[in-house]
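Peer 1: next one to model:
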Amino acid sequence: MWDILDLSLSYFCSMQHLSTRSLFFENLALTSDFPMELEIESASGFYLYAPDGKRYADLISGISVSNLGHQHPAVKKAIHDQTEKFLHLMVYGEYIQAPQVAYAALLASTLPPPLSSVYFTNSGAEAIDGAMKLVKRATGRTGLISCYNAYHGSTQGPLSLMGCEHYKQAFRPLLPGTTHIRFNNTDDLSMITTDTAGVFIEAVQAEAGCIVPDTDYMIALSERCRQTGTLLVIDEIQSGMGRTGKTWAFEHFGILPDVVCTAKSLGGGLPLGAFIGSSYLMQQLRRNPILGHMTTFGGNALCCAAGMACLQTILDENLASHALQLETLVRNELSHPSVNAITGKGLLLCAHVNDNPTALRIIREGFQLGIVTDWFLFCDNALRIAPPLNTTEEELSAALLLLRKAMDLAG
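Peer 2: Predicted coordinates for the structure are as follows:
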């Protein structure tokens, strides 16, 4: 045993001579050949801090995860309090765990009836996976429809729904029976038939450049699903939790989905997702077969405690309305020759520029000036503007000033 300990200590000491950056490339499986490479030692509120003390304004919130910014006291307290009680007890759905139950009740209170039954998962992709199984089980059908330029996650099920062949081709064959329609185009709604189990659609199509659909389209989509007995699944993974100016983005359109999928900010910075439907609908996963959907860590008590503190703060401080106020500020202050248009809703915004090289130059110049922004999967000639919902007007104005300077330097 001591030999093993000596080897472990020796290995650890040798690692101290290597930089964190070199270990990042040596020991982490990366997602691309060009990561941002920002080394962050701490974060607080609207800001990220490098080991040398350099401060970065966070204009992307970890891709709509940090809706209360970083190290929010309510979330920290909830995490601390829960660590004094328990972490993992049992696989999901067996024990009565107060953090799960309380958070499910709070989520249900923010949704219109009959959306009252919550199945917690670990991530947004897993929420979509669960919803895909649910609509098949409930309808007895196999057909699934999603939109071109949609992103619902990268695991096998959600990847089958993804509306961009570039990211799918290398992993085929994927699930059969998936069809794509054009987002915000009523002509394609006729493709929804009595063979369709479910339509999966984002309330705001995020990775396509924050496209907000027309209300008439969303109503027509909802009606078509009702006519054909198809279940309507709204993906609120990026758009939910107050980010678009309402607790849930589908509220902007006056429709009632059958299933809502959520994640990102749901865990207050910790990994958590959920798919939510009526009690009758969600019961379909309990039987024929029993344990029709299972997860070990979904709804982890610590994640639920943190997420509940996050959502309760968003509601108590009316941060959804604040997001609309900050949207007006962004549209007023991000006037620049490089910006062709700003699309989106609330603080899920996209600033369109001429092309991808221009966007990448602006992002790099922004890093030098101390701001973090990013591009979109299916709209790479644009910049993501999605700061925490509790960002102050002063903080956001200062960050937008730096962003305009980055645009000047990028040319």
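
Peer 1: can you pull out the strands in this structure?
Peer 2: Taking DSSP state E to define them, one finds strands in the chain at 42-44, 47-49, 55-58, 117-121, 143-147, 178-181, 196-202, 231-235, 259-262, 273-277, 341-345, 348-352, 371-372, 382-385.

Peer 1: between the longest one and strand 143-147, how many degrees?
Peer 2: Inter-element angle recorded for strand 196-202 and strand 143-147: 20 degrees (by axes from the mean of the first three to the mean of the last three Cα atoms, to 10 degrees).

Peer 1: show me what strand 196-202 is packed up against.
Peer 2: helix 124-139, strand 143-147, helix 215-228, strand 231-235 (3 or more Cβ pairs under 8 Å, 6 or more residues apart in numbering; DSSP states H and E). Backbone N, C-alpha and C define where each C-beta goes, glycine included.

Peer 1: repeat the analysis, applying 10 Å as the threshold.
Peer 2: helix 124-139, strand 143-147, helix 156-161, strand 178-181, helix 215-228, strand 231-235, strand 259-262 (3 or more Cβ pairs under 10 Å, 6 or more residues apart in numbering; DSSP states H and E).

Peer 1: include mean pLDDT, mean neighbour count and distance to residue 109 when you put these into TSV, please.
Peer 2: TSV is the format used below for those (pLDDT from 0 to 100; neighbours: other Cβ atoms under 10 Å; distance: least, Cβ to Cβ, whole Å):
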stretch	mean pLDDT	mean neighbour count	distance to residue 109
helix 124-139	98	24	19
strand 143-147	98	24	29
helix 156-161	96	22	28
strand 178-181	98	19	33
helix 215-228	98	17	23
strand 231-235	99	28	18
strand 259-262	98	28	14
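
Peer 1: residue 406 contacts residue 353, correct?
Peer 2: No. Counting by Cβ atoms under 10 Å, residue 406 stays clear of residue 353, with 11.1 Å between them.

Peer 1: now the common contact residues for those two.
Peer 2: 336, 338, 361, 362, 383 (Cβ atoms under 10 Å, 6 or more residues apart in numbering).

Peer 1: from the residues you listed, which ones fall inside helices?
Peer 2: Counting by DSSP state H, the part of the shared contacts of residue 406 and residue 353 found in helices is 361, 362.

Peer 1: got a markdown table for the strands of the chain, with distance to residue 28 too?
Peer 2: Output for those, formatted as a markdown table (distance: least, Cβ to Cβ, whole Å):
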| stretch | distance to residue 28 |
| --- | --- |
| strand 42-44 | 19 |
| strand 47-49 | 19 |
| strand 55-58 | 20 |
| strand 117-121 | 24 |
| strand 143-147 | 31 |
| strand 178-181 | 32 |
| strand 196-202 | 29 |
| strand 231-235 | 28 |
| strand 259-262 | 28 |
| strand 273-277 | 23 |
| strand 341-345 | 31 |
| strand 348-352 | 28 |
| strand 371-372 | 19 |
| strand 382-385 | 23 |
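
Peer 1: which of those sits closest to residue 394?
Peer 2: strand 55-58 (11.5 Å; Cβ to Cβ).

Peer 1: average model confidence for that closest one?
Peer 2: Averaged across strand 55-58, the pLDDT comes to 98.

Peer 1: ok, that strand: who's next to it in the sheet?
Peer 2: Next to strand 55-58 in the sheet, as set by DSSP bridges, lie strand 47-49 (antiparallel), strand 371-372 (parallel).

Peer 1: what sits up against that strand?
Peer 2: Strand 55-58 has contacts (Cβ under 10 Å, 6+ apart) with 38, 40, 43-50, 66, 69-70, 366-367, 369-373, 386-388, 391, 395-396, 398-400, 402-403.

Peer 1: residue 194 is in contact with residue 228, correct?
Peer 2: Yes. Counting by Cβ under 10 Å, residue 228 does reach residue 194; the two are 5.2 Å apart.

Peer 1: common neighbours of those two, please.
Peer 2: 139, 141.

Peer 1: before we move on, back to that, right, so the strands paired with strand 55-58: which one is the most enclosed?
Peer 2: strand 371-372 (a mean of 24; mean count of other Cβ atoms under 10 Å).

Peer 1: ok, and what's touching that one?
Peer 2: Strand 371-372 has contacts (Cβ under 10 Å, 6+ apart) with 36, 38, 40, 47-48, 55-62, 362-363, 365-366, 384, 387, 398-403, 405-406.

Peer 1: switch to 8 Å and redo it
Peer 2: 36, 38, 48, 56-60, 366, 399, 402-403, 406 (Cβ atoms under 8 Å, 6 or more residues apart in numbering).

Peer 1: relative to residue 232, how far out is the residue nearest to residue 281 when sequence neighbours are not counted?
Peer 2: Residue nearest to residue 281 in three dimensions, not counting chain neighbours: residue 138, with 5.8 Å by Cβ to Cβ, 6 or more residues apart in numbering. Per Cβ to Cβ, to the nearest Å, residue 138 is found 12 Å from residue 232.

Peer 1: what's the longest helix in this protein?
Peer 2: Max-length helix for the chain by DSSP H is helix 393-410.

Peer 1: alpha carbons only: can I get that one in PDB?
Peer 2: C-alpha atoms of helix 393-410 as PDB (Å, rounded to 0.1, in the frame of the first residue of the first chain):
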ATOM      1  CA  GLU A 393     -27.200  48.000 -16.300                       C
ATOM      2  CA  GLU A 394     -23.900  49.500 -15.300                       C
ATOM      3  CA  GLU A 395     -22.100  46.200 -15.700                       C
ATOM      4  CA  LEU A 396     -23.700  45.400 -19.000                       C
ATOM      5  CA  SER A 397     -23.000  48.900 -20.400                       C
ATOM      6  CA  ALA A 398     -19.300  48.600 -19.500                       C
ATOM      7  CA  ALA A 399     -19.100  45.200 -21.200                       C
ATOM      8  CA  LEU A 400     -20.900  46.400 -24.300                       C
ATOM      9  CA  LEU A 401     -18.400  49.300 -24.500                       C
ATOM     10  CA  LEU A 402     -15.600  46.800 -24.500                       C
ATOM     11  CA  LEU A 403     -17.400  44.700 -27.100                       C
ATOM     12  CA  ARG A 404     -17.700  47.800 -29.400                       C
ATOM     13  CA  LYS A 405     -13.900  48.400 -28.900                       C
ATOM     14  CA  ALA A 406     -13.300  44.800 -29.900                       C
ATOM     15  CA  MET A 407     -15.300  45.300 -33.000                       C
ATOM     16  CA  ASP A 408     -13.200  48.400 -33.800                       C
ATOM     17  CA  LEU A 409     -10.000  46.500 -33.400                       C
ATOM     18  CA  ALA A 410     -11.300  43.500 -35.400                       C
END
